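Q: What follows is a predicted protein model with its sequence.
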Amino acid sequence: MIYRAISKMKKRLIFITYILLIYNLSSCGIYSFTGASIPPGAKTVSVEYFKNNAPIFNPTLSQELTEMLQNKLVSQTTLNLTDGKGDLQFKGQIVDYSVSPVGLLAGSETSAQNRLTIKVKVEFINEFEESSNFSETFTRYAEYPSSEILSSVEGSLVPEIIELITDDIFQKAVVNW
């Protein structure tokens, strides 16, 4: 009987400790359950329009990249998007949008796959933690059969690549694992 009472008390104590730990982690504004680690005083984020300076021009790429990064930052942090200079700032440009052959077919000089590559140069400024600032180029790609033309697969590949790039940018800027 006494053993059961002690066991119940231990369970309650563990449960209460767990609840307090979750409350403290989420209420201090430093950690969120998406893994974002935001400085306590940071309230705003700004994302400048990413210019497309790639040799091959995709007319919607700049808008898609800018909006996807903005949406990710707003939906996965407690930061508010601002048009001005945010506490966290993202600027950059698309520096490459290219297609290259990969993997030759056996006994042929024809490629089995093509690779669509997008490179984005990003400058990140953290007004609260200068050591977090960076300037880096993020590169991602997707492959598609060489029997397909780019315009037929571009509509599905570009969002996929942009999502990977925005995840990389987000991880580098606000996830400190």
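A: Cool, the structure landed.

Q: What separation do you get for Thr66 and Ile94?
A: With distances taken as CB to CB, to the nearest Å, Thr66 is found 10 Å from Ile94. Every C-beta, even on glycine, is put in place using the N, C-alpha and C of the backbone.

Q: so what sits against both of those two?
A: When contacts are counted by CB atoms under 8 Å, 6 or more residues apart in numbering, Thr66 and Ile94 have Phe50 as shared neighbours.

Q: what's the burial count for Ile162?
A: A count of neighbours around Ile162, defined by other CB atoms under 10 Å, yields 21.

Q: what does the one 10 residues further on give?
A: The burial count assigned to Lys172 is 15, neighbours taken as other CB under 10 Å.

Q: Break this protein down into its domains, please.
A: The chain resolves into domains spanning 1-30, 39-174 when parsed by automatic domain parsing.

Q: Quickly, which of these bottoms out on average pLDDT?
A: Among the domains of the chain, domain 1-30 carries the lowest mean pLDDT, at a mean of 53.

Q: Name the stretch among the domains of the chain that sits most buried.
A: domain 39-174 (a mean of 16; mean count of other CB atoms under 10 Å).

Q: chain center to it, what's the gap?
A: When distances are taken as CA atoms, centre = their mean, to the nearest Å, domain 39-174 is centred 8 Å away from the chain's centroid.

Q: Can you give me the end-to-end span of it?
A: 9 Å (CA to CA, to the nearest Å).

Q: again with stretch 145-156
A: In stretch 145-156, first residue to last residue: 13 Å (CA to CA).
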